[in-house]
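Participant: coords below, sequence missing:
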């Protein structure tokens, strides 16, 4: 056995909520440079400031950023990223089981794929509604090219970014790209949560693995791959639209059409490799940590409630 053993008492909603947010923050800390590389590759060819820097591949992008913008550049937007995960992952992952039970017919002891998909779409949409401003700020920081002391820095910090966007673009600017982000995260949440749920369930039901690290690792890796394949086109549109200055695109659909006509359909899979590395690594770290945190938090809760 690897890690803590499953608790005999199922984890509460509060434990899942807190555990999901904490696990997602830990995963972000480890994989954030991959996410920044993904954003830079997705906007390449569209961002005027970034055209001087030609990025090639994941490692090449990160090395170019470090060389031209400094060693801290791959972690641009990390504060907003952690704020996003605490408000975003807590809802879409921590509440998934509760919403799944809500959609499950009374008396049924089995959740259908339709029920799981509905739960994934619901928690994904709820999470975006809460966390959209943090996502906008995160992407603005990641997409901005700061090439040294002489270059202009649009935002002095995370809170200044929230204030500046609200002042220059209105409060609605903080919710820019909400529709493509809801679409993206509904797709990703379904791919991640449903795939993880099903793979883990099958591995346990067929006694291929026990409910521990190897099972969680295999399930999370499969979830990350499926999520990347189905969500990459929406992710590219979301990134470009949220990073665009006012007036560049009339709508997410307009952004999509311009990408197809100007760059061809392959533009929808720009940054696929870092997207997969990011989502795959993120899913493995997040789900493995999440499973262990749930067990640890439940043990703490049971010890506090124990009379001895």
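Facilitator: Received it, and whenever you're ready, just let me know what you need. Nothing here was measured: the structure is a model prediction, and the numbers come from that model. Residues are numbered from 1 along each chain as shown.
Participant: tell me where the model's unsure across this protein.
Facilitator: When the per-residue scores of the chain are filtered using pLDDT under 70, the ranges that remain are 1-2, 7, 45-53, 146-153, 306-308.
Participant: output the contacting helices and strands for the biggest helix by length in it.
Facilitator: For the chain, the helix with the greatest residue count under DSSP state H is helix 272-305. Other helices and strands packing on helix 272-305, by 3 or more CB pairs under 8 Å, 6 or more residues apart in numbering; DSSP states H and E, are helix 13-43, helix 57-69, helix 213-243. For the C-beta atoms, the positions are set from N, CA and C on the backbone; glycine is no exception.
Participant: and residue 113, which of those is closest to it?
Facilitator: helix 213-243 (13.2 Å; CB to CB).
Participant: name the residues that touch the next helix or strand after the closest one?
Facilitator: The first helix or strand that comes after helix 213-243 along the chain, using DSSP states H and E, is helix 252-263. The list of residues contacting helix 252-263 from outside it, by CB atoms under 8 Å, 6 or more residues apart in numbering, reads 45, 177, 179-180, 236-238, 240-241, 244, 249, 267-268.
Participant: if we go to 6 Å?
Facilitator: If you take CB atoms under 6 Å, 6 or more residues apart in numbering as the criterion, helix 252-263 is touched by 179-180, 237, 240-241, 249, 267.
Participant: buried residues in it?
Facilitator: By neighbour count on 16 or more other CB atoms under 10 Å, the buried set for helix 252-263 is 252, 255-256, 258-259.
Participant: any idea of the angle it forms with helix 213-243?
Facilitator: Angular relation of helix 252-263 and helix 213-243 on a 0 to 180 degree scale: 90 degrees, by axes from the mean of the first three to the mean of the last three CA atoms, to 10 degrees.
Participant: buried ones in stretch 54-74?
Facilitator: 55, 58, 61-62, 64-65, 69, 73-74.
Participant: grab the nearest non-local neighbour of residue 164.
Facilitator: residue 155 (5.9 Å; CB to CB, 6 or more residues apart in numbering).
Participant: how near is the one you found to residue 244?
Facilitator: Separation of residue 155 from residue 244 (CB to CB, to the nearest Å): 16 Å.
Participant: ok, residue 133 next?
Facilitator: Counting by CB to CB, the gap from residue 133 to residue 244 is 16 Å.
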